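Enquirer: What follows is a predicted structure for the sequence shown.
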Amino acid sequence: MANRLIGDLPKVGIRPVIDGRERGVRESLEKQVMTLAQTAAAFISEQLRFPSGETVECVVADTCIGGVAEAALCAEKFRKEGVGVSLTVTPCWCYGTEVMDTDPLLAKAVWGFNGTERPGAVYLAAALAGYTQKGLPTFGIYGRDVQDAGDTTIPEDVKEKIVRFVKSGLAVAQMKGKSYVSIGYSSMGIAGSMVDSSFFQKYLGIRTEFVESVEILRRIDEGIYDEEEYQKALAWTKTNCKEGKDVNKPEDQVDAARKEAEWEMVVKMTLICRDMMIGNEKVIAKGYREEGLGRNAILGGFQGQRQWTDYKPNADFTEAILNSSFDWNGIRQAFVFATENDSLNGVSMLFGHLLSNTSQIFSDVRTYWSPDAVKRVCGKELTGLAEGGIIHLINSGSTTLDATAQQRAQGNPAMKPFWEITEDEVQKCLDNTLWPQAERGYFRGGGYSSQFKTAGQMPVTMSRVNLVDGLGPVLQIAEGWTVELPDDIHKVLDERTNPTWPTTWFVPRVNGEGAFKDVYSVMANWGANHGAISYGHIGADLITLASMLRIPVNMHNVTEDKVFRPSAWASFGENKEGSDFRACETYGPLYGKK
């Protein structure tokens, strides 16, 4: 478990603030306030880990903060320690603007202890008013039930908000200063692959790096990769990646020698794309320091179609293996690597990865199958969760192999953080995946696409960032479940599209209203051809993260009681969707004006 990117992982700063009146008042509160801070720090470290596996570290101010000087000392400590998220805690009245955190780039929240002995809630309200007046959006955390003064436990509703806030704040901090590597550029006129550098920089703090696809060919021709690892990877691939049926017409099929050459090519592509993202010491040792340093990329994308795939094997294998939680080197953190260089879907995948610590599914949001249509073509009726219709999620073989759903959590199909995955589960994922020859009508250069269907039933969240001219970025969210169709239905529906690709059947949670009136409405209101699908119902976390980045959410099915945004959003109107748009417009992107 190690951070593979340049730069230390961000820490969580805990700010115990206190009534500064000495000669009795402050002294009576010191122990309680500091205990509250230390309790919060211990809870956060126990609950949260980074996607790379490390425990989240908390930094508590050296003293309680009773005024401006101590606030400045705390800010300096946080700066030196690399704090990326700021949580202020107190059970008492404090001097609002004198003790506040004024760093405009730090995600910040205030937990005002709900007790009757001291007015922590009164301070919370005063502090939030000050933050709002000064243009520093801040999250307010206030427990529903009154606690006794000596109670050092954290109520469940407070825990939920602290975790949601900290997870989202850490996601913001992890993105800052990293890179998106665009290998190639625009794919088949897909707007999301026309990488918008301004969006990445101003909203995410991510720089964009552009590499022509020919660089892959150069590195292959000149041997700019680790030859020893290549041999290991090729042997692992031959053992674990079983070829599927070649569905090409006999006249379009290629011989065994050509197929072997394509396997060798796609394995080398995988090594090289990874090296472009994070570097490789072995490449530096071979004398290629520039190439071996990588680009400190937290995510990337590969153009592929058509200029590359009309000529060389597709990157389906490369994308699928990078996006999975394992490869020939064993179980490891998944990469975030977008098919067709759809950078906006890559961003959506990154959000899901940072919030859930799991690998992400990249799919076309391909087809809505109504119950009537299924009955017409199959002679069968959809039942259970699928009875209202299904959405076919499918793409050209690039989906993470974790999506075979062969991992288990509490006995149920799951996609887990890599440190919870067993070797047996890895083997089951591999055993349930075939690699047919790519259909050469799509991919003239050949290659191999992964083929599987997502098993069982998993809670998942589909999301997508879209750019709207004149408005900026917006985020769509649809929580729901994967469903497993009977084989006789699956086979008929799957073969109407492309049976060489991986399939996930998705049912969003509907509520009879608006974009979630029914399954058809979700499909009809989706803003692009792709979606990023994350394990678990993480819609509320995505909403909180989006508010930190000033990206409004234009479609979601999260219940209103789970929506957690900065307190300032309440000043922009009672309707939560409208206030979100107005607040994001007012504050603008986190790292600069539009």
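Expert: Received it, and whenever you're ready, just let me know what you need.
Enquirer: what residue ranges in the stretch 101-250 of the chain score low on pLDDT?
Expert: For the stretch 101-250 of the chain, the stretches with pLDDT under 70 are 116-120.
Enquirer: Strands along the stretch 101-250 of the chain, start to end?
Expert: Ranges of strands within the stretch 101-250 of the chain are 107-112, 139-141, 179-183, 207-211, 242-243, based on DSSP state E, counting those that start in this stretch.
Enquirer: so which of those strands comes closest to residue 267?
Expert: strand 242-243 (14.0 Å; Cβ to Cβ). Glycine gets a C-beta too; all of them are placed from N, C-alpha and C.
Enquirer: Within the sheet, what are the partner strands of that closest one, with directions?
Expert: Under the criterion DSSP bridges, strand 242-243 sits next to strand 434-435 (parallel) in its sheet.
Enquirer: Show the average pLDDT along the strand it pairs with.
Expert: Averaging pLDDT along strand 434-435 yields 96.
Enquirer: go on, stretch 313-321?
Expert: Averaging pLDDT along stretch 313-321 gives 97.
Enquirer: can you check stretch 33-52 too?
Expert: Rounded mean pLDDT across stretch 33-52 is 97.
Enquirer: Following the chain onward from the longest strand along the chain, which element is next?
Expert: Longest strand in the chain, counting residues (DSSP state E): strand 472-483. Going down the chain from strand 472-483, the next helix or strand is helix 487-495, by DSSP states H and E.
Enquirer: who touches whichever helix or strand comes after that next one?
Expert: Downstream of helix 487-495, the first helix or strand assigned by DSSP H and E is strand 503-508. For strand 503-508, contacts defined as Cβ atoms under 8 Å, 6 or more residues apart in numbering pick out 361, 363, 385-386, 388-394, 399, 403, 452-454, 460, 462, 478-485, 490, 494, 516, 519, 522, 533, 557.
Enquirer: Burial check on residue 189, number of neighbours?
Expert: 7 (other Cβ atoms under 10 Å).
Enquirer: Quick one: low-confidence residue ranges for the stretch 401-550 of the chain.
Expert: Looking at the stretch 401-550 of the chain by pLDDT under 70, you get an empty list.
Enquirer: which stretches of it form strands?
Expert: 407-409, 412-414, 434-435, 459-468, 472-483, 503-508, 530-535.
Enquirer: I'd like those strands as a markdown table, with mean neighbour count and distance to residue 441 appended.
Expert: Formatted as a markdown table, the strands of the stretch 401-550 of the chain follow (neighbours: other Cβ atoms under 10 Å; distance: least, Cβ to Cβ, whole Å):
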| stretch | mean neighbour count | distance to residue 441 |
| --- | --- | --- |
| strand 407-409 | 18 | 34 |
| strand 412-414 | 17 | 33 |
| strand 434-435 | 20 | 18 |
| strand 459-468 | 23 | 28 |
| strand 472-483 | 23 | 29 |
| strand 503-508 | 25 | 19 |
| strand 530-535 | 27 | 21 |
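Enquirer: now these in CSV, with distance to residue 137?
Expert: Compiled in CSV, these are given as follows (distance: least, Cβ to Cβ, whole Å):
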stretch, distance to residue 137
strand 407-409, 35
strand 412-414, 34
strand 434-435, 48
strand 459-468, 20
strand 472-483, 17
strand 503-508, 30
strand 530-535, 25
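Enquirer: nearest to residue 254, of these?
Expert: Closest to residue 254 of those is strand 434-435 (Cβ to Cβ; 14.7 Å).
Enquirer: Need the residues that contact the closest one.
Expert: Strand 434-435 is contacted from outside by 241-245, 317, 397, 448-452, using Cβ under 8 Å, 6+ apart.
Enquirer: could the residues you listed go into a markdown table alongside distance to residue 175 and neighbour count?
Expert: Below are the contacts of strand 434-435 laid out as a markdown table (distance: Cβ to Cβ, whole Å; neighbours: other Cβ atoms under 10 Å):
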| residue | distance to residue 175 | neighbour count |
| --- | --- | --- |
| 241 | 32 | 21 |
| 242 | 37 | 13 |
| 243 | 38 | 14 |
| 244 | 37 | 18 |
| 245 | 41 | 11 |
| 317 | 27 | 26 |
| 397 | 28 | 28 |
| 448 | 32 | 26 |
| 449 | 30 | 26 |
| 450 | 28 | 28 |
| 451 | 33 | 23 |
| 452 | 31 | 24 |
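Enquirer: In helices only, show me these.
Expert: Residues of the contacts of strand 434-435 located in helices (DSSP state H): residue 317.
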